[in-house]
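S.K.: The sequence and its predicted three-dimensional model are supplied below.
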Amino acid sequence: MKQYINVGLIGYGTVGKGVVKILEENKKIALRKVGKPIRVKSICDLRPIDRPELYVKNFRDIIKDPEIDLIVELIGGYEPARTILIEALKAGKNVVTANKAVLAKYWDQIFTTAQDSQTSIYYEASVGGVIPVVQGLSKGLASEEILEIKGILNGTTNFILSEMTKNGITYEDALKSAQSAGFAEADPSFDVNGIDTANKLAILSSLAWGGWIKAKDISVKGISDLDIEDVLITQNFGYDVKLIGSAEKTKDGVDLSVQPCLVNHDHAFATVENEYNAVMITGKDSDDVLFYGKGAGQQPAASSVVSDIINLSKFIVTNTAGIIPDVVYDKKIKIKVLPSGKSKASYYLRFAILDKHVLSKISGILGKFKVSIASLTQSDISDNGCAQIIIITHKTCRKNLEKALKQINATKSIVKSKVVKIKIEI
């Protein structure tokens, strides 16, 4: 009979330190829920740590340790994280990870290995910080046919967009504010270019539909070229700008995208500010289910990791972990992805023009490519000799719109600069 659940922690950075702190401070809560105390037996990191009595230099020593029941991987990146996960699962160890990048890229290999070795891998902290969306999707909505997943899935970008919206500042200044507040890295490209959101969307979509949706199959656009002028204009039209990850099941395939979108002021997403995340999952019978909480920061992420440790430990105590796969994954299932050009939506378009009389040319080109105008606003010529036309389209095929804008952008007598295009999501 086990006296303890022994945890081996690989990666002792910000989140790793938070995990150790929560496990020690909340040990009575863990004991009550698991029935056995949970303790960190070993910690591996690249350099010596502030807990020398627990320090292990080589991660394979933790994997080979027969007393370790559960391994927590928190180093991030692709390698050696993938190697750690695969070797741990093959060694019969159950695993907890917060690594969205490695899961999205190696979903097939990781979950096939877990099933073959009858081990479990929990990964709640990989999506949405403290939000229990993975458990909610896999267990709370287990009976559902999932129709749609939409979410604000990155705390860094949401903080930046909140700063731009509330304070009317440029992207560059908002990024500096996010870095000063500790929500953006010195190199924020993984976040602001939409890659982080795409990885998380790939994980949720793969979980929802039982196959493997790859991040590279998702159409991705980040926020780094977002103009504060468009943020302010769309505010007056009743919208907020948010970076939205979207997966929608259609008869022709799953429509996948990550991009800045306009959401109505009265939608729940418009109230999600700063480092908070939100995910809306739509089921055939359940309709809309909203998950909301902090998506960035040491303690929210660490809290989510510890929740996985506790939930997995319940099965370790009874020797039932991994007997029934936690992720229902079948590599034979091929999920059809809708080509991005066939995606349909309404759009906000901003044209900078030198001559007010070009409107007929713009509407003519849009009409030629079957892009229908829902509303139009035109300003007077300003002091710099430029006017603006703002068009809201009806739902239109993305491929048709891009063809129309390509022709308009190529005609210098029509527009002074490249047309701005932002999808209207909700």
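M.R.: Looks like it arrived, so ask away.
S.K.: wait, what's in contact with residue 204?
M.R.: Neighbouring residues of residue 204 by CB atoms under 8 Å, 6 or more residues apart in numbering: 127, 133-134, 137, 149, 151, 247, 279. For glycine as for every other residue, the C-beta is placed from the backbone atoms N, C-alpha and C.
S.K.: Closest one to residue 314 out of those, please.
M.R.: The closest of these to residue 314 turns out to be residue 134 (CB to CB; 16.4 Å).
S.K.: so the closest one is in which element?
M.R.: Using DSSP states H and E, residue 134 sits within helix 133-135.
S.K.: Other residues contacting that helix?
M.R.: 123-124, 126-127, 151, 203-204, 207, 279, 281, 291, 311.
S.K.: ok so, going back, narrow the contacts of residue 204 to those in strands?
M.R.: 149, 151, 247, 279 (DSSP state E).
S.K.: Among the residues you listed, which pair sits farthest apart?
M.R.: 247 and 279 (10.7 Å).
S.K.: Quick check: neighbours shared by the two?
M.R.: 149-150, 204.
S.K.: was I right about residue 303 contacting residue 131?
M.R.: No - taking contacts as CB atoms under 8 Å, residue 303 lies outside contact range of residue 131: 10.5 Å.
S.K.: So which of these two has more stuff around it?
M.R.: Between residue 303 and residue 131, residue 131 has the larger neighbour count (other CB atoms under 10 Å), namely 24 against 21.
S.K.: Confirm that the more buried one sits in a strand.
M.R.: No - going by DSSP: H, G, I helix; E, B strand; the rest coil, the assignment for residue 131 is coil, not a strand.
S.K.: domains of the protein?
M.R.: As given by automatic domain parsing, the domain ranges for the chain are 5-129+298-317, 133-294, 340-424.
S.K.: What is the end-to-end distance of the longest one?
M.R.: What it means is domain 133-294. Start-to-end span of domain 133-294 (CA to CA, to the nearest Å) is 12 Å.
S.K.: now do the shortest one
M.R.: Distances were taken as CA to CA; on that basis the terminal residues of domain 340-424 are 16 Å apart.
S.K.: Quickly find the element holding residue 156.
M.R.: helix 155-167.
S.K.: Give me the buried positions along that helix.
M.R.: Applying a neighbour-count criterion of 16 or more other CB atoms under 10 Å, one finds 155-165 buried in helix 155-167.
S.K.: Who are the packing partners of the biggest helix by length in the chain?
M.R.: If you go by DSSP state H, the chain has its longest helix at helix 298-317. With contacts taken as 3 or more CB pairs under 8 Å, 6 or more residues apart in numbering; DSSP states H and E, helix 298-317 sits against strand 5-10, helix 14-25, helix 27-34, strand 38-44, strand 70-73, strand 94-97, strand 121-122.
S.K.: go with 7 Å
M.R.: strand 5-10, helix 14-25, helix 27-34, strand 70-73, strand 94-97, strand 121-122 (3 or more CB pairs under 7 Å, 6 or more residues apart in numbering; DSSP states H and E).
S.K.: Parallel or antiparallel, list what pairs with the fifth one.
M.R.: Think strand 94-97. Paired neighbours of strand 94-97 in the sheet (DSSP bridges): strand 70-73 (parallel), strand 121-122 (parallel).
S.K.: May I see those organised as a markdown table, with distance to residue 323 and mean neighbour count added?
M.R.: Below are the strands paired with strand 94-97 laid out as a markdown table (distance: least, CB to CB, whole Å; neighbours: other CB atoms under 10 Å):
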| stretch | distance to residue 323 | mean neighbour count |
| --- | --- | --- |
| strand 70-73 | 16 | 27 |
| strand 121-122 | 14 | 26 |
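S.K.: Tell me which of the ones you listed sits nearest to residue 2.
M.R.: Among these, the nearest to residue 2 by CB to CB is strand 70-73 (11.4 Å).
S.K.: Return the closest one as PDB; C-alpha atoms alone will do.
M.R.: In PDB, the C-alpha atoms belonging to strand 70-73 read as follows (Å, rounded to 0.1, in the frame of the first residue of the first chain):
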ATOM      1  CA  LEU A  70       3.800  10.800 -11.500                       C
ATOM      2  CA  ILE A  71       6.000  13.000 -13.700                       C
ATOM      3  CA  VAL A  72       5.300  16.700 -14.300                       C
ATOM      4  CA  GLU A  73       6.900  18.200 -17.400                       C
END
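S.K.: what's it in contact with?
M.R.: Strand 70-73 is contacted from outside by 5, 7-11, 19, 62-63, 81, 84-85, 88, 93-97, 99, 305, 309, 312-313, 316, using CB atoms under 7 Å, 6 or more residues apart in numbering.
S.K.: run the last query once more with 8 Å
M.R.: With CB under 8 Å, 6+ apart, strand 70-73 has contacts from 5-11, 16, 19, 62-63, 81, 84-85, 88, 93-99, 305, 309, 312-313, 316.
S.K.: quick one: it to chain centroid distance?
M.R.: Centroid separation for strand 70-73 versus its chain: 22 Å, with CA atoms, centre = their mean, to the nearest Å.
S.K.: Can you identify the element that follows it toward the C-terminus?
M.R.: Downstream of strand 70-73 (by DSSP H and E), the next one is helix 81-90.
S.K.: helices or strands next to that following helix in the packing?
M.R.: Counting by 3+ CB pairs under 8 Å, 6+ apart, helix 81-90 packs on helix 59-64, strand 70-73, strand 94-97, helix 100-105, helix 107-117.
S.K.: repeat that for 10 Å
M.R.: strand 5-10, helix 59-64, strand 70-73, strand 94-97, helix 100-105, helix 107-117, strand 121-122 (3 or more CB pairs under 10 Å, 6 or more residues apart in numbering; DSSP states H and E).
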